[in-house]
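K.L.:
Provided below for reference: sequence and predicted model.
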Amino acid sequence: MVKVGVLGARGRVGAELCRAVEAADDLELVAAVDAGDSREPIEAAEVAIDFTHPDAVMDNLRWCVEHGVHAVVGTTGFDEERLATVRGWLGERPGTNILIAPNFAVGAVLMMHFAQKAAPFFESVEIVELHHPNKADAPSGTSRRTAELVTAAREKAGVGLSPDATTTGLEGARGADVDGVRVHAVRLAGLIAHQEVLLGGHGETLTIRHDSLSRESFSPGVLLAVRRVGELSGLTIGIESLLGL
Ligand SMILES: NC(=O)C1=CN([C@@H]2O[C@H](COP(=O)(O)OP(=O)(O)OC[C@H]3O[C@@H](n4cnc5c(N)ncnc54)[C@H](OP(=O)(O)O)[C@@H]3O)[C@@H](O)[C@H]2O)C=CC1
Ligand SMILES: O=C(O)C1=N[C@H](C(=O)O)C[C@H](O)C1
């Protein structure tokens, strides 16, 4: 049995993950902690899951590393500077591992993978991400990661930026520039988490779309990471390697 603690346990995703851990035969939920609670119960865990808030996650991770607890992290808000800080902490504590993934839904991971593969074959690429209106960050972590992957694949293949003749327009009309890719964020009641990668070429378009229709979609990827994080080394980004991608 792997002993698991959840940080953000009363949140939308955290509550779902507590149910998933409790339902798994090989996992034991030993701590369920939310804002304002002591982190002490997490000391009993081998692996902590963090689905909290971009403002809270770094403090939680430093605490996990100090206490030798592996962490599986879905919380967004990681840039290169934050990742370097986490690597630094882990370097001082060999044997403790952290896996951070912008999206744990298997379909979303495949969407990013397919977008990366397709991106060099098309002149234009833009991303539309659509989420519930209670989301704190925009654009989403998934869209930022997708833009990074798409740009890296296009640069490697020698493909330039998407054409765009816009010279006048309202601020925001063309979305955010993430690594040279335009990302448009929709916030709409009724939605959960959705993304379209739009690719355009000569007389054709390709749309790669993923929909999380329920927060259950994140559980299999998170549980896979919980089971495997102990055998990884230091910081791992994404679950692609665990899925054999
Ligand atoms: N990687 C992935 O696959 C996914 C990532 N996410 C990301 O996960 C994060 C959480 O999403 P979601 O569940 O919708 O958000 P919620 O706001 O519903 O849940 C977050 C919970 O964490 C609590 N919290 C805040 N600070 C702390 C802290 N220091 N310690 C413990 N708990 C704390 C919040 O309490 P309070 O409300 O009182 O502040 C809240 O209950 C977001 O960054 C989101 O983008 C979401 C879905 C999938
Ligand atoms: O806040 C959410 O809900 C989600 N956050 C992650 C992100 O920002 O990409 C993952 C998923 O899109 C759901």
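P.N.:
Good, I have the coordinates. Ligands and ions are numbered 1, 2, ... in the order given.
K.L.:
surely residue 96 meets residue 66?
P.N.:
No. Residue 96 is beyond contact range of residue 66, at 9.1 Å (criterion: Cβ atoms under 8 Å). Glycine gets a C-beta too; all of them are placed from N, C-alpha and C.
K.L.:
which helices and strands sit right next to the longest helix along the chain?
P.N.:
Assignment by DSSP state H gives helix 141-156 as the longest helix of the chain. Applying 3 or more Cβ pairs under 8 Å, 6 or more residues apart in numbering; DSSP states H and E, one finds that helix 141-156 makes contact with helix 106-118, strand 124-131, strand 176-178, strand 181-187, strand 193-200.
K.L.:
Please give me every residue in contact with the residue of the chain found nearest ligand 1.
P.N.:
Closest to ligand 1 within the chain is residue 11: 2.0 Å, counting by Cβ to the nearest ligand atom. By Cβ atoms under 8 Å, 6 or more residues apart in numbering, the residues touching residue 11 are 34, 51-52.
K.L.:
In contact with the residue nearest the centre of the chain, which residues are there?
P.N.:
With distances taken as Cα atoms, centre = their mean, residue 102 lies nearest the centre of the chain, 0.8 Å away. By Cβ under 8 Å, 6+ apart, the contact set of residue 102 is 76, 78, 140-142, 144-145, 238.
K.L.:
cool, residue 226 as well?
P.N.:
2, 4, 21, 27, 47, 49, 72.
K.L.:
Enumerate the residues of this structure near ligand 1.
P.N.:
Proximity of the chain to ligand 1, by Cβ under 6 Å from any ligand atom, involves residues 7-8, 10-14, 33-35, 51-54, 56, 60, 74-76, 101-104, 218.
K.L.:
Kindly give a single PyMOL line that selects the buried subset of the residues you listed.
P.N.:
A single PyMOL command is used to select the members of the residues of the chain next to ligand 1 judged buried by 16 or more other Cβ atoms under 10 Å:
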select buried, resi 7+8+11+13+14+33+51+52+53+60+74+75+76+101+102+103+104+218
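K.L.:
Which ones among the residues of the chain next to ligand 1 lie within strands?
P.N.:
With DSSP state E as the criterion, strands contain 7, 33 from among the residues of the chain next to ligand 1.
K.L.:
Which residues of this protein lie near ligand 2?
P.N.:
Residues of the chain lying near ligand 2 (Cβ under 6 Å from any ligand atom): 76, 102-103, 131, 135, 140-142, 193.
K.L.:
In a markdown table: the residues you listed, plus pLDDT.
P.N.:
Listed next are the residues of the chain next to ligand 2 as a markdown table, based on pLDDT from 0 to 100:
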| residue | pLDDT |
| --- | --- |
| 76 | 97 |
| 102 | 98 |
| 103 | 98 |
| 131 | 98 |
| 135 | 97 |
| 140 | 98 |
| 141 | 97 |
| 142 | 98 |
| 193 | 98 |
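K.L.:
Closest one of these to residue 183?
P.N.:
residue 140 (8.5 Å; Cβ to Cβ).
K.L.:
number of nearby residues for the nearest residue to that closest one once chain neighbours are set aside?
P.N.:
With sequence-adjacent residues excluded and distances taken as Cβ to Cβ, 6 or more residues apart in numbering, residue 140 is closest to residue 129, at 4.6 Å. Neighbour count for residue 129, taken as other Cβ atoms under 10 Å: 25.
K.L.:
try residue 114
P.N.:
Count around residue 114 with other Cβ under 10 Å applied: 14.
K.L.:
So, low pLDDT: which residues of the protein?
P.N.:
Scanning the chain for pLDDT under 70 picks out nothing.
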